[in-house]
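>>> Next one to model:
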Amino acid sequence: MAYVAVSGGREAIEESIRLLDYYKSGTDKDVEVEAVENKLSLLVDRVMSEAGLYSKTYAALALKQCEGSIEEAVFLLRAYRSTLTRNYYTNIADTENMRIVRRISAAFKDIIGGQMLGATYDYTHRLINFDTDAEDPAKLRQTVRDMLIAQPPEEIVSRPRVSDGLKKEGLIDSCDPDDRRPFDVTSNMLEFPADRSARLQTLARADTGFISGLAYSALRGFGQLHPTVGELRCGYAELYVPYMQDDNESIYIGEILITEVECFNSADDKDRLKLASGYGAVFGRNETKAISIAVIDRELENGGPYPAQNEEFVLMHGDSLEMNGFISHLKLPHYVTFQSKLDAVRKTRRADGEQEL
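Got it, this is the predicted structure:
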């Protein structure tokens with residue numbers, strides 16, 4: 001369910017829509033879609049993730065159209081996505097062999113393949129740089145290009161997962177093999193209990209703030225013990241589609257930037273001889289959300305009385321489009337229902353007054 005209709009006089013609505021231009025007319029300068037796509041890439045990545053459509057250009061265009069409103073941009077992108085023809089399903093992406101741009105582990109100091117800090121704001125001073133306003137984008141781009149030219153090319157090597165060694169030693173749980181086709185939440189109604197594939201898809205498209213808040217509640221004591229980020233990796237995963245419906249032949253169609261996380265946690269009370277793991281993956285660079293998904297994945301697997309452990313509560317209330325649509329519907333006319341509430345209060349007060357007399 002998503003409340004999207006707006007009631008009111010036709011002329012008033014048309015004038016309201018035209019008035020939106022007023023809030024975009026405060027400057028002669030324009031915000032180019034290319035600039036939004038590249039200068040606000042973290043915001044673009046979040047919109048892509050919550051919309052379930054990997055297209056940086058369209059996500060940037062949607063943000064420009066709606067003044068940077070994330071929920072409106074997600075709405076626009078989902079609406080556009082629904083018009084697209086689905087011709088293929090890709091093969092399972094091999095993220096172990098992704099072209100990594102960032103890879104860290106909080107569980108081990110040294111890992112096979114080495115840690116790679118990559119680009120992150122984790123180590124910045126968090127002070128406003130007022131020189132940014134006078135930044136020369138052309139000069140910055142040329143500086144970066146010169147750095148790339150001077151940098152010798154490196155061979156792309158496969159980096160095994162941190163959890164692989166622990167699984168071989170039997171120190172961490174392994175997921176049971178599952179050859180079933182993943183559940184597609186975009187074309188099928190979500191059913192409970194949900195498959196893990198459906199849970200992870202729903203969490204990946206959920207509102208980042210909602211998911212982060214739930215994960216935070218679990219860490220604060222409304223859930224299991226404190227997890228450890230076993231591995232966080234961000235990089236480009238190659239995508240292939242079957243050639244002529246032949247599973248043995250595939251065609252390379254491109255690559256997408258994703259962030260994936262594995263969190264290690266204590267197993268349930270019945271099995272203290274192993275650690276458990278949670279998994280999260282999202283489009284683009286969105287580490288907070290990927291970690292949060294990994295935390296909630298494990299909470300849902302365990303189950304329990306807390307909100308982050310309630311599958312139906314988590315999966316049915318985190319969707320950005322549905323959540324904001326339902327809250328926005330409160331702005332629509334509710335004259336009849338509110339008057340009935342007032343009448344009930346008046347009748348109750350009159351009845352109480354008569355009894356007192």
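>>> secondary structure element for Leu43?
helix 41-51 (DSSP states H and E).
>>> Could you report the neighbour count for Ala204?
Per other CB atoms under 10 Å, the neighbour tally for Ala204 reads 21. Glycine gets a C-beta too; all of them are placed from N, C-alpha and C.
>>> who's in contact with it?
Neighbouring residues of Ala204 by CB atoms under 8 Å, 6 or more residues apart in numbering: Ser49, Gly52, Gly280, Ala281, Val282, Phe283, Ile293.
>>> Only alpha carbons, please: show the helix or strand where Ser328 lies as PDB.
Here Ser328 sits within helix 320-328, counting by DSSP H and E. Extracted C-alpha coordinates of helix 320-328, given in PDB (Å, rounded to 0.1, in the frame of the first residue of the first chain):
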ATOM      1  CA  SER A 320      11.300   4.100   1.700                       C
ATOM      2  CA  LEU A 321       8.400   4.500  -0.700                       C
ATOM      3  CA  GLU A 322       5.700   2.900   1.400                       C
ATOM      4  CA  MET A 323       6.900   4.500   4.700                       C
ATOM      5  CA  ASN A 324       7.000   8.000   3.400                       C
ATOM      6  CA  GLY A 325       3.800   7.500   1.400                       C
ATOM      7  CA  PHE A 326       1.800   6.400   4.300                       C
ATOM      8  CA  ILE A 327       3.100   9.200   6.500                       C
ATOM      9  CA  SER A 328       2.400  11.700   3.800                       C
END
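>>> Please identify the buried residues of that helix?
By neighbour count on 16 or more other CB atoms under 10 Å, the buried set for helix 320-328 is Ser320, Leu321, Glu322, Met323, Asn324, Gly325.
>>> With stretch 211-218 instead?
For stretch 211-218, the neighbour count (16+ other CB under 10 Å) marks Ile211, Ser212, Leu214, Ala215, Ser217, Ala218 as buried.
>>> now do stretch 190-203
Buried, per 16+ other CB under 10 Å, within stretch 190-203: Leu190, Ala194, Arg196, Ala198, Arg199, Leu200, Gln201, Thr202, Leu203.
>>> contacts for that stretch?
So stretch 190-203 is contacted by 175, 180, 182-186, 211, 279-281, 293, 296-297, 300-301, 311-312, 314-316, 318-319 (CB under 8 Å, 6+ apart).
>>> quick one on the thing from earlier: could you identify the most distant pair in the contacts of Ala204?
Gly52 and Gly280 (15.3 Å; CB to CB).
>>> Neighbour count for the two, which is higher?
Gly280 (27 against 18).
>>> Could you look up the SS state of that one?
What DSSP: H, G, I helix; E, B strand; the rest coil gives for Gly280 is strand.
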